[in-house]
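Enquirer: from the sequence below, what's the structure:
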Amino acid sequence: MSSPRPSTGSAGHTNGNVHVAEPEPHISAETAEQVFRRLTERPAELLRFATAGSVDDGKSTLIGRLLYDSKQVLSDQLEHVEKVSESKGQVLDLSLLTDGLRAEREQGITIDVAYRYFATAQRRFIIADTPGHEQYTRNMVTGASTADLAIVLIDARKGVISQSKRHAFISSLLGIPHLVVAVNKMDLVDFDEAVFDSIVDDFDRFAARLEVPDVTFIPISALLGDNVVERSKSMDWYQGPPLLYHLEHVHIASDRNLIDVRFPVQWVIRPPATSIADYRAYAGQVAGGVMRPGDEVIVLPSGHRSTIAGIDTFDGPVAEAFPPMSVAVRLTDDIDVSRGSTIVRTHNQPTVSNSFECLVCWMSEQPLNASRRYLVKHTTRMAMVGSADVRYKIDVETLHRDESASTLELNDLGRIHLELSAPLAFDPYRRNRVTGSLIMIDEATNETVAAGVILDAEVDGEETGAGIAGTKTERSPNVRWQGTRMTRERRWSSLGCAGATVWFTGLPGAGKSTIASAVEERLIAAGRPAFLLDGDNLRHGLNGDLGFDEIARTENVRRTAHVARLLAESGTIALVSLVSPYAADRDAAASLHQKDELEFLEVFVDAPLEVCEQRDPKGLYARARAGELAGLTGVGAPYEAPAAPALVLSADGTPVEEHVERVVEMLTARGLIS
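Expert: Numbering: from 1, shown residues only. Below is the predicted model:
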């Protein structure tokens with residue numbers, strides 16, 4: 001039989017699941033003041049967790065059990081619950097402890113989330129009690145937005161249902177690092193291990209499509225208390241810890257971002273000259289990283305640089321500040337810093353842009369309307385929304401995307417592209433939950449209409465948000481896109497030109513490189529930045545490790561497309577000369593550019609195979625026909641001609657200069673050159 005858990009303020013500590021009393025000699029050596037302090041002080045570490053479950057999954061009973069067993073229920077409240085339970089002829093109904101919350105919901109509270117507090121000897125807890133019904137999706141987003149952990153309750157009799165998937169997806173979307181799947185009402189299925197294993201398998205299959213780094217499954221009976229605080233004798237097949245033990249010991253210290261210094265300025269402190277002479281500090285809450293006096297910093301979006309002179313708190317100066325401390329930062333230079341500015345390290349800056357993609361939950365009964373004026377509040381900064389284009393709406397149950405959606409309605413989840421009147425300094429939400437989140441406000445009514453998370457700039461749209469399409473990401477782990485203050489608009493405006501990619505495709509020997517080289521020469525002579533990415537040249541370095549099989553050819557195109565995209569972003573016209581025989585690979589290259597709203601123009605240099613063989617400038621066809629070269633496109637490997645290229649250049653004896661003229665005309669018609 002397990003020993004009872006220590007209550008709050010117990011003069012001891014826990015070792016696993018067994019309470020160990022402190023030795024008497026140690027207690028007698030303490031002063032009365034020390035003993036009193038040790039018995040009454042609360043643990044410092046705080047865990048915020050959200051509970052979610054469908055109707056009648058036992059969420060209220062579970063919360064009541066945690067409050068009751070941790071001795072956080074007032075005596076008069078407990079007496080009331082006992083009387084009501086007795087009048088109904090029931091055993092102690094712990095769900096009645098949350099009746100006050102239910103009454104509040106019946107009164108129509110707007111943000112339908114209630115919070116409860118309790119503590120044990122190991123940790124303090126704040127519970128965000130979120131409603132489970134589908135129509136309150138917005139409320140779960142609100143309650144779980146600050147949570148370190150989410151508990152998703154599943155009725156053992158019903159298994160994994162749509163609401164279970166909905167709550168798991170929202171937890172993933174909000175970047176909650178720890179998820180506990182509590183399979184409740186195991187007593188109603190005779191504590192059957194097979195039922196539990198089946199639910200674990202079902203949930204695992206769904207969770208594999210999400211980004212949830214830590215998932216824990218616990219079989220419980222909230223009504224009887226099995227595996228809630230004490231291990232269950234009825235489920236000896238379960239070898240894991242009970243729920244409360246897991247909540248007390250789950251590691252959350254490393255969840256905070258202590259690498260990227262982010263300090264949104266909330267207020268400028270300038271006391272009257274008569275109190276403190278020449279004192280000027282910038283107050284706010286540290287959103288990321290560790291700040292120390294002497295650190296070189298830059299203020300965004302202005303770009304002014306300085307050094308931290310000191311860090312003050314209510315109790316005096318400190319040697320360092322980290323999340324979630326509220327401090328006042330003094331700088332060595334008197335520069336322009338105001339509310340809405342963000343102080344960061346000079347060599348570790350967030351993205352600064354007025355354009356980005358985000359996933360939002362629409363929280364207003366009035367649908368998203370392009371004719372209404374919205375504001376975005378991000379950390380301490382406000383900006384007007386210029387445009388909010390809906391990319392797609394997400395079906396939370398299937399994770400499918402509705403790309404035909406043009407608006408979002410109450411409780412809808414969708415991806416939108418925002419253009420703002422002023423730039424924000426932000427990180428992807430998965431990198432920093434403070435600088436990666438925002439809310440949208442209706443300017444006319446001052447109503448919060450949406451809550452959103454900013455997506456990674458470098459992650460393909462198929463996958464962004466929670467791996468919702470199940471495709472593989474094109475980035476290394478533990479890296480992020482390093483943004484700068486030089487936006488595309490500023491760069492192109494300063495250069496006086498826009499970037500694009502012109503992709504020349506065709507059989508080997510069709511004349512792609514000859515035409516592309518001549519176009520490059522023509523553009524540069526006209527003062528227009530251009531650069532030729534020739535397939536053979538790329539295989540001398542970037543793609544030198546690739547062969548010529550189908551997989552290698554696909555990788556060849558992928559790498560080249562990314563380089564071309566970077567050149568186009570820089571304001572250069574990237575001229576790609578690449579056989580790129582497969583239509584799917586060229587389509588992927590086009591999609592890469594289209595996602596970033598960059599021009600991608602496919603030019604098909606159409607030359608018959610016999611003409612290419614006659615030319616054979618590199619002797620490849622002769623070697624292939626002699627059996628010395630395998631897999632040559634057109635001989636040993638197929639070529640898929642473009643179905644709808646932007647331009648077709650026929651190899652019918654037309655002089656190269658005429659082909660160049662046609663390419664230049666195409667670029668002029670697209671507004672890329674004048």
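
Enquirer: neighbours of residue 527, how many?
Expert: 9 (other CB atoms under 10 Å). Every C-beta, even on glycine, is put in place using the N, C-alpha and C of the backbone.

Enquirer: go on, residue 650?
Expert: Around residue 650 there are 12 other residues, counting by other CB under 10 Å.

Enquirer: and it, what's its pLDDT?
Expert: We have a pLDDT of 89 for residue 650.

Enquirer: check residue 181 too.
Expert: Per-residue pLDDT puts residue 181 at 93.

Enquirer: wait, it touches residue 201, no?
Expert: No: Residue 181 sits out of contact with residue 201 when judged by CB atoms under 8 Å, with a separation of 11.8 Å.

Enquirer: more neighbours: which of these two?
Expert: residue 181 (23 against 10).

Enquirer: the more buried one: which element?
Expert: Using DSSP states H and E, residue 181 falls within strand 178-184.

Enquirer: tell me which residues are up against whichever helix or strand comes after that strand.
Expert: Where DSSP H and E defines the elements, the next helix or strand beyond strand 178-184 is helix 193-207. Residues outside helix 193-207 that contact it (CB atoms under 8 Å, 6 or more residues apart in numbering): 154, 156, 159-160, 164-165, 168, 179, 181, 183, 186, 189, 215, 217, 219, 235, 237-238.

Enquirer: need the buried ones from those selected in PyMOL.
Expert: Remark: buried members of the contacts of helix 193-207, expressed as a PyMOL selection using 16 or more other CB atoms under 10 Å:
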select buried, resi 154+156+160+164+165+168+179+181+183+186+189+215+217+219+235+238
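
Enquirer: just to revisit the earlier point, neighbouring strands for the strand holding residue 181, and are they parallel or not?
Expert: strand 149-155 (parallel), strand 214-219 (parallel) (DSSP bridges).

Enquirer: what angle do it and helix 193-207 make?
Expert: 140 degrees (axes from the mean of the first three to the mean of the last three CA atoms, to 10 degrees).

Enquirer: for strand 178-184, which outside residues touch it?
Expert: Contacts for strand 178-184 (CB under 8 Å, 6+ apart): 53, 57-58, 62, 148-156, 168, 171, 195-196, 199-200, 203, 207, 212-222, 243, 246-247, 250, 252, 255.

Enquirer: hmm, 6 Å instead?
Expert: 58, 149-154, 156, 171, 196, 199, 203, 212, 214-220, 222, 250 (CB atoms under 6 Å, 6 or more residues apart in numbering).

Enquirer: also stretch 532-540?
Expert: 513, 516, 517, 520, 560, 575, 576, 577, 578.

Enquirer: may I see the buried residues of that stretch?
Expert: 532, 533, 534, 535, 538.

Enquirer: could you dump the residues you listed to TSV with pLDDT, secondary structure and distance to residue 506?
Expert: Shown next, in TSV, are the buried residues of stretch 532-540 (pLDDT from 0 to 100; DSSP: H, G, I helix; E, B strand; the rest coil; distance: CB to CB, whole Å):
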residue	pLDDT	secondary structure	distance to residue 506
532	95	strand	15
533	94	strand	15
534	91	strand	13
535	89	helix	11
538	90	helix	17
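
Enquirer: and residue 630, helix, strand or coil?
Expert: At residue 630 the chain is in coil, as set by DSSP: H, G, I helix; E, B strand; the rest coil.

Enquirer: the nearest residue in space to it that is not next to it in sequence: neighbour count?
Expert: Closest residue to residue 630 apart from its sequence neighbours, by CB to CB, 6 or more residues apart in numbering: residue 636 at 5.4 Å. Under the neighbour criterion other CB under 10 Å, residue 636 is assigned a count of 13.

Enquirer: so what's residue 500 closest to, chain neighbours aside?
Expert: Here the residue nearest residue 500, using CB to CB, 6+ apart, is residue 599, at 3.7 Å.

Enquirer: now that neighbour: phi and psi?
Expert: phi -70, psi 130 (degrees, to the nearest 10).

Enquirer: measure it to residue 620 for me?
Expert: For residue 599, the distance to residue 620 (CB to CB, to the nearest Å) stands at 32 Å.

Enquirer: hang on, the earlier thing: out of the strands paired with strand 178-184, which comes closest to residue 278?
Expert: strand 149-155 (46.0 Å; CB to CB).

Enquirer: tell me which residues in the helix or strand just after the closest one are buried?
Expert: Moving toward the C-terminus from strand 149-155, the next helix or strand (DSSP H and E) is helix 162-173. The neighbour-count check on helix 162-173 (16+ other CB under 10 Å) flags 163, 164, 165, 166, 167, 168, 169, 170, 171, 172, 173 as buried.

Enquirer: start and end of stretch 499-508, how far apart?
Expert: End-to-end distance for stretch 499-508, by CA to CA, to the nearest Å: 27 Å.

Enquirer: contacts for it?
Expert: Here stretch 499-508 has contacts from 512, 516, 564, 568-569, 571-577, 579-580, 593, 599-605, 612, 620, 633-634, 639, 672, using CB under 6 Å, 6+ apart.

Enquirer: where does the stretch 401-550 of the chain have low pLDDT?
Expert: 457-485 (pLDDT under 70).

Enquirer: again, 90 this time
Expert: Applying pLDDT under 90 to the stretch 401-550 of the chain flags residues 401-404, 410-413, 428-433, 448, 450-453, 455-498, 508-512, 535-536, 539-550.

Enquirer: and the helices in it?
Expert: 488-495, 512-525, 535-538, 550-569 (DSSP state H, counting those that start in this stretch).

Enquirer: so for residue 396, which of those sits nearest?
Expert: Going by CB to CB, the one of the helices of the stretch 401-550 of the chain nearest residue 396 is helix 550-569, 31.3 Å.

Enquirer: let's have the helices of the stretch 401-550 of the chain in JSON lines, adding distance to residue 371.
Expert: JSON lines is the format used below for those (distance: least, CB to CB, whole Å):
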{"stretch": "helix 488-495", "distance to residue 371": "24"}
{"stretch": "helix 512-525", "distance to residue 371": "42"}
{"stretch": "helix 535-538", "distance to residue 371": "48"}
{"stretch": "helix 550-569", "distance to residue 371": "32"}
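
Enquirer: quick one: residues contacting residue 568.
Expert: Each residue near residue 568 by CB under 6 Å, 6+ apart is listed here: 499, 500, 501, 574, 598.

Enquirer: the nearest residue to it once chain neighbours are set aside and residue 598, how far apart?
Expert: Computed as CB to CB, 6+ apart, the closest residue to residue 568 that is not its neighbour in sequence is residue 499, at 3.7 Å. The spacing between residue 499 and residue 598, counted by CB to CB, is 7 Å.
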